[in-house]
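Visitor: coordinates only, sequence not included:
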């Protein structure tokens, strides 16, 4: 019967994420922790029994620590059960160190004739749940690459009723775009890193595993092992990147070479997005210290040096503003970048350009009314 209980207890501890377990386990774990330092603090009462050994094995497999064994107390304060002259310790509270910050106190309180109440005071870690990002569905504007689809969108939009407000015009654009292009499900497509391979995956997995082990045990041996594996993982990533670069050069893949060069240029940029600056002597400076000095001198000059300026004597413009022309709107639409996020309206530049002349005519009328 006891074997069935301890088997069920071990299964329960391994399959659930219980951070705190307590009760009457009818087993003596004793005060000797020579073979169970990870779960036993070295303080206790009496000697171990066979049931206590089973209980210690369950705790070690589930990485649970006996609270009362971590604090030095009088022998009588470890006793949880008394019957006549018999005194034993069979009631325990054990916890998972990873989810509990620190143990403040653990003690026994006499509340009955035989059993004592075991009490433990913990400081709990606040668990921050990661908010699930709800991604909005998007219009499949990438279908604009097909000339036939783009022509169909222009035709469908031209057939919409005439509007005089931007809200109606925006709704017509959305409705036609959804009918012609369709709407995505809102799931973000996961992009795989271009230099990722099986060796990198194994190196990163091992590094994460040893980091968790070091954070859990906090000893020098685990820290040294983690540092060595972390260094090896960096070398593995560098080898993978260099291998992919050499492969792209050998295959003459111009697009891949361009993407790699663009990424490396971006990594070298400073906070304002520049790779090099000219100093006062018109010499290019690429190192970080020289660029910081250039920016420092520039800002000092702006804030402290008074420069001469000329005031404008042009008369103030009065009267109604000039009307917006079709040519101005066409020029503004051509200047819009395609691969940019939409504004508050939610309409991208690709959709505005694909709407064609009917959209520009209606937009000209709306702008003239402002």
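Guide: That came through fine. Bear in mind the structure is a predicted one, so any value in this text is a computation, not a measurement.

Visitor: contacts and neighbour counts: CA atoms only from here.
Guide: OK.

Visitor: flag the shaky bits of this protein, pLDDT-wise.
Guide: The model of the chain has pLDDT under 70 over residues 1, 16-18, 97-101, 125-128, 130, 132-136, 186-192, 268-275, 311-312.

Visitor: could you chop it up by domain?
Guide: Domains of the chain are assigned by automatic domain parsing as 2-124, 141-185+323-369, 198-304.

Visitor: most tightly surrounded among those domains?
Guide: For the domains of the chain, the largest average neighbour count (mean count of other CA atoms under 10 Å) is found in domain 2-124, namely a mean of 17.

Visitor: quick check: end-to-end length of that domain?
Guide: 33 Å (CA to CA, to the nearest Å).

Visitor: those helices in the chain, which residues are they?
Guide: 2-15, 50-62, 147-158, 166-181, 198-217, 220-251, 254-268, 288-304, 326-335, 349-354, 357-369 (DSSP state H).

Visitor: contact partners for residue 248?
Guide: 254, 256-257 (CA atoms under 8 Å, 6 or more residues apart in numbering).

Visitor: just the residues contacting the top strand by length along the chain, thanks.
Guide: Scanning the chain for the strand with the most residues, using DSSP state E, yields strand 100-110. Here strand 100-110 makes contact (CA under 8 Å, 6+ apart) with 19, 67-68, 71, 77-80, 116-125.

Visitor: repeat that for stretch 201-213.
Guide: Residues contacting stretch 201-213 (CA under 8 Å, 6+ apart): 222-223, 225-226, 229-230, 232-233, 236.

Visitor: CSV for those, including distance to residue 184?
Guide: Conversion of the contacts of stretch 201-213 to CSV gives the following (distance: CA to CA, whole Å):
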residue, distance to residue 184
222, 47
223, 46
225, 46
226, 43
229, 42
230, 40
232, 41
233, 37
236, 37
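
Visitor: tell me the one of those nearest residue 293?
Guide: residue 230 (34.7 Å; CA to CA).

Visitor: just give the closest residue to that closest one, not the sequence neighbours.
Guide: residue 207 (5.7 Å; CA to CA, 6 or more residues apart in numbering).

Visitor: and residue 106, by the same measure?
Guide: Nearest to residue 106 is residue 120, by CA to CA, 6+ apart, at 4.1 Å.

Visitor: I figured the one you found was touching residue 95, is that so?
Guide: No - assessed by CA atoms under 8 Å, residue 120 is found out of contact with residue 95, at 10.1 Å.

Visitor: what do the two both touch?
Guide: Counting by CA under 8 Å, 6+ apart, the residues touching both residue 120 and residue 95 are residue 67.

Visitor: you'd agree residue 62 is up against residue 13?
Guide: Yes - in this structure, residue 62 is within contact of residue 13 by CA under 8 Å, at 5.9 Å.

Visitor: and the residue nearest to residue 106, how far is that from residue 105?
Guide: 6 Å.

Visitor: give the intersection of the neighbour lists for those two.
Guide: Common neighbours of residue 120 and residue 105 (CA under 8 Å, 6+ apart) are residue 68.

Visitor: show me what residue 109 is bridged to.
Guide: On the basis of DSSP bridges, residue 109 is bridged to residue 117.

Visitor: residues contacting residue 61?
Guide: Contacts of residue 61 (CA under 8 Å, 6+ apart): 10, 14.

Visitor: show me the contacts for the residue nearest to residue 106.
Guide: Contacts of residue 120 by CA under 8 Å, 6+ apart are 67-68, 93, 103-107.

Visitor: repeat that for 10 Å
Guide: Applying CA atoms under 10 Å, 6 or more residues apart in numbering, one finds that residue 120 lies in contact with 67-68, 92-94, 103-108.

Visitor: from residue 164, how far off is residue 348?
Guide: When CA to CA is applied, the distance between residue 348 and residue 164 equals 21 Å.

Visitor: again, but for residue 15
Guide: For residue 15, the distance to residue 164 - CA to CA - is 64 Å.

Visitor: cool, and residue 310?
Guide: Taken as CA to CA, the span from residue 310 to residue 164 is 44 Å.

Visitor: cool, and residue 124?
Guide: 61 Å.

Visitor: can you check residue 341 too?
Guide: In terms of CA to CA, residue 341 sits 26 Å off from residue 164.

Visitor: from the middle of its chain, how far away would stretch 112-120 be?
Guide: 45 Å (CA atoms, centre = their mean, to the nearest Å).

Visitor: quick one: residues contacting residue 242.
Guide: 195, 248.

Visitor: now do 8 Å
Guide: With CA under 8 Å, 6+ apart, residue 242 has no contacts at all.

Visitor: use 4 as the first number for this chain going forward.
Guide: Sounds good: first residue 4 from here, last item residue 245.

Visitor: what's in contact with stretch 81-94?
Guide: Against stretch 81-94 from outside (CA under 8 Å, 6+ apart): 25-33, 47-49, 71, 110-111, 116-121.

Visitor: how near is residue 88 to residue 310?
Guide: Residue 88 is 97 Å from residue 310, by CA to CA.

Visitor: ok, residue 121 touching residue 97?
Guide: No - applying CA under 8 Å, one finds residue 121 not in contact with residue 97, separated by 11.0 Å.

Visitor: count the neighbours of residue 141 for me.
Guide: 14 (other CA atoms under 10 Å).

Visitor: just want the phi and psi numbers for it.
Guide: Residue 141 has phi and psi values of phi -120, psi 150 when expressed as degrees, to the nearest 10.

Visitor: and if you look at residue 43?
Guide: phi -120, psi 130.

Visitor: distance of residue 158 relative to residue 66?
Guide: Applying CA to CA to residue 158 and residue 66 gives a distance of 67 Å.
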